[in-house]
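Asker: Give me a 3D structure for the following:
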Amino acid sequence: METFTMSRKELPRAGLVKAALSGRITNRQGATALHLTIRQFQRLKRRFESGGAPALRHRSRGQPSPRRLPPKLHAQIGA
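Answerer: Here you go, the predicted model:
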């Protein structure tokens, strides 16, 4: 079993998407609860179906920031 990290914002998404897929809530109810459009909620459902809960994480997680300092400058500053 693989372990993955989700933020506090991402965690409720999995539960609401599961509820929508099982028919307990509608797309509109799920979208409203997450402050998304119905279309965006449908995209989340599709991502969840193809990859499970890890697919709902922010996609840039684990990537270096595009605003990071070059290593030489970082060393000069001493940070």
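
Asker: Now the residue nearest the centre of the chain, what are its backbone angles?
Answerer: Geometric centre of the chain, nearest residue: R57, 2.8 Å, by CA atoms, centre = their mean. Main-chain torsions, R57, degrees, to the nearest 10: phi -70, psi 160.

Asker: State the next helix or strand along the chain beyond the lengthiest helix in the chain.
Answerer: For the chain, the longest helix by residue count, based on DSSP state H, is helix 38-51. Where DSSP states H and E defines the elements, the next helix or strand beyond helix 38-51 is helix 71-77.

Asker: Tell me, how many residues neighbour A19?
Answerer: 15 (other CB atoms under 10 Å). Quick note: C-beta positions are derived from backbone N, CA and C, even for glycine.

Asker: Hmm, it is touching I25, no?
Answerer: Yes: the pair A19 and I25 qualifies as a contact (CB atoms under 8 Å) at a distance of 4.7 Å.

Asker: pull the CA atoms of the helix or strand of the chain with the lowest mean pLDDT into PDB?
Answerer: Ranking every helix and strand in the chain by mean pLDDT, DSSP states H and E puts helix 71-77 at the bottom, with a mean of 88. Extracted in PDB, the C-alpha atoms of helix 71-77 (Å, rounded to 0.1, in the frame of the first residue of the first chain):
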ATOM      1  CA  PRO A  71      22.300  27.700  -6.800                       C
ATOM      2  CA  LYS A  72      25.300  30.100  -7.100                       C
ATOM      3  CA  LEU A  73      23.200  33.100  -5.900                       C
ATOM      4  CA  HIS A  74      21.800  31.000  -3.100                       C
ATOM      5  CA  ALA A  75      25.300  30.100  -2.000                       C
ATOM      6  CA  GLN A  76      26.400  33.700  -2.100                       C
ATOM      7  CA  ILE A  77      23.500  34.900   0.100                       C
END
